[in-house]
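J.: structure for this input, please:
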Amino acid sequence: MTGTETALNLARAQFAFTVSFHFIFPAFSIGLASYLAVLEGLWLKTGKPVYENLFRYWIKIFSIVFGMGVVSGIVMSYQFGTNWAVFSDKTGAIVGPLMAYEVLSAFFLEAGFLGVMLFGVTKVGPKLHFFATCMVAFGTLISATWILAANSWMQTPAGFTLNEVGQFVPKGSWIPIIFNPSFPYRFVHTVIAAFLTTSLVVGAVGAWHLLRDGQNAGARTMFSMAMWMAAIVAPIQILAGDTQGLNTQEYQPAKVMAMEGHFDSYAAGAPLVLIGIPDEENRRMSHSLEIPKLSSLILAHDLNAPLAGLDTIPRKDWPPVAIIFWSFRVMVALGVAILGLGLFSVLARARGKLYEWPLLHRLAVLMGPAGFIAVIAGWVTTEVGRQPFTVYHALRTAESVSPIASPGVTGSLIAFVVVYFATFVSGGIYIVKLMAKPPSTHESLPEPASPRTAGITPAAAIKSGGGA
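T.: Prediction:
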């Protein structure tokens, strides 16, 4: 391996490491911000103290997650200039404005209202505070919109032309760039994944405390809300994933071929490879377990439909098959497990045992990290599946890296690993400690008074002695 190839692989490893760490926090904060808005809205509508207590319980966790996401995102963005300067130069006219829009519209909105949300409960009225919470939640969704628009453009580039020096520039309207062919599918799939990730964490925390105190009102409420989300949204996510897969098959067929483990084309009825060992050198699947014709049914909705394989793609354009094959299966397996947990909760609810079934609670605790693992596996499938291109079929990864020596990348990679583990692991431990404390059962407002009907503001409620 040459020095240039070593530097390229190190730069890719560094970006993959930092993005993997960073992606955890937006996946949690997007869903948690919306959950906080729902909790505060329910408190203002019903006046039930349990919603206030849960709001104040989770807002502390949200503030830490949000801050860690901002820090990791800033560090990650620096690499565009240090390790991927050629990519930045060639795509800056398109990716740069999209990233800037994210800062101007989303981050400013989140940051502007975050202070009111975190510290204004005793300073402003209930309606203004609820508005601030909603704006923070809305800002996280706008942020996801712009980031996914930029990333999706790299997956399915559209609306561009190359200028005289080989730079990507907009070709007229920005609409085709923003709403490129894969963006709607990836946006829906990613946002739903964030909601499911949050629901699994909330459900795990609720289940943990139910195993210790089955009468804890906060634990009961958060567990019930989380299980409703898992039961209702998991099937929707499976459908959303199917539509994204069909879109990927149309625009990035090599990625789907690698996901399916199809080295060879099938004239009629391609099998679904459940497990196996991809052998890229010999271009075949070893020790595979297959279901005949099922892949054709899933991808073409026809048992006998022909499907092309990697034998139709030049070898130099193949993505790393083994990584994609297994990361995709991890994501799908966890998706099925989440669906199973949701259906189990429906059964428990129907039997009146939602809060008294320890097996369900233990499974919910076990599934707490599943959303994070699934989104990381999905990200690996998507991003590694785009290789060997940074802009699909338009700019190769090897042509995007900065002209730097491998020792420089090695030093920064080691520094990132040390700092990230020291900072974010300690932050994660602190978050887990906060979750380990049960939500307060002390009612902050006497029934039947409520901020809506009795004119009591959240600030007055806290000053009157209530609070978590």
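
J.: drop to CA atoms for contacts and neighbour counts, all remaining ones
T.: Noted.

J.: do a quick rundown of the strands in the protein.
T.: Along the chain, the stretches classed as strands by DSSP state E are 160-162, 168-170, 272-279, 284-291, 389-391, 395-396.

J.: looking at these, which is buried most?
T.: strand 389-391 (a mean of 21; mean count of other CA atoms under 10 Å).

J.: so for it, mean pLDDT?
T.: Taken as a whole, strand 389-391 carries a mean pLDDT of 93.

J.: contacts for it?
T.: 87, 153-157, 395-398, 400 (CA atoms under 8 Å, 6 or more residues apart in numbering).

J.: among the residues you listed, which ones are in helices?
T.: 87, 153-155 (DSSP state H).

J.: nearest to residue 39, of the residues you listed?
T.: Closest approach between those and residue 39, by CA to CA: residue 153, at 35.2 Å.

J.: and that closest one, what is it in contact with?
T.: Residue 153 makes contacts with 177-178, 180, 182-183, 391, as judged by CA under 8 Å, 6+ apart.

J.: same question, residue 163
T.: Counted by CA under 8 Å, 6+ apart, residue 163 has contacts residue 169.

J.: need phi/psi at it.
T.: Main-chain dihedrals, residue 163, degrees, to the nearest 10: phi -80, psi -170.

J.: and the pLDDT for it?
T.: Residue 163 is assigned a pLDDT of 91 by the prediction.

J.: how close does it sit to residue 170?
T.: Distance check for residue 163 against residue 170: by CA to CA, to the nearest Å, it reads 10 Å.

J.: repeat for residue 23
T.: From residue 23 to residue 170 the distance is 28 Å (CA to CA).

J.: got it, and residue 414?
T.: For residue 414, the distance to residue 170 - CA to CA - is 37 Å.

J.: what do you get for residue 81?
T.: From residue 81 over to residue 170 the distance is 21 Å, taken as CA to CA.

J.: equivalent analysis for residue 310, please.
T.: Residue 310 is 32 Å from residue 170, where distance means CA to CA.

J.: same question, residue 181
T.: 16 Å.

J.: same thing with residue 133?
T.: According to CA to CA, residue 133 and residue 170 sit 36 Å apart.

J.: do residue 341 as well
T.: Plainly put, residue 341 is 46 Å away from residue 170 if you go by CA to CA.

J.: cool, residue 7 as well?
T.: In terms of CA to CA, residue 7 sits 31 Å off from residue 170.

J.: can you show me the helices along the stretch 301-450 of the chain?
T.: 321-350, 358-366, 370-386, 406-436 (DSSP state H, counting those that start in this stretch).

J.: if we can go back for a sec, just put the ones in helices among the contacts of strand 389-391 in JSON lines and tack on distance to residue 267 and pLDDT.
T.: Converted to JSON lines, these look like this (distance: CA to CA, whole Å; pLDDT from 0 to 100):
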{"residue": "87", "distance to residue 267": "39", "pLDDT": "91"}
{"residue": "153", "distance to residue 267": "32", "pLDDT": "95"}
{"residue": "154", "distance to residue 267": "31", "pLDDT": "94"}
{"residue": "155", "distance to residue 267": "28", "pLDDT": "94"}
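
J.: now, which of those residues sits nearest residue 351?
T.: Using CA to CA, residue 155 comes nearest to residue 351 of these, at 46.4 Å.

J.: buried stuff in stretch 108-115?
T.: Judged by neighbour count (16 or more other CA atoms under 10 Å), stretch 108-115 contains these buried residues: 109-110, 113-114.

J.: show the average pLDDT along the longest helix seen in the chain.
T.: The residue-count maximum for a helix in the chain (DSSP H) belongs to helix 3-46. Computed over helix 3-46, the mean pLDDT rounds to 87.

J.: tell me the helices and strands packed up against that helix.
T.: On a contact count with 3 or more CA pairs under 8 Å, 6 or more residues apart in numbering; DSSP states H and E, helix 3-46 meets helix 49-82, helix 126-155, helix 183-212, helix 370-386, helix 406-436.

J.: for the closest residue to residue 175 other than its chain neighbours, the count of nearby residues, please.
T.: Take residue 175 and drop its neighbours on the chain: the residue closest to it by CA to CA, 6 or more residues apart in numbering is residue 159, 7.8 Å away. As a burial measure, residue 159 scores 19 neighbours (other CA atoms under 10 Å).
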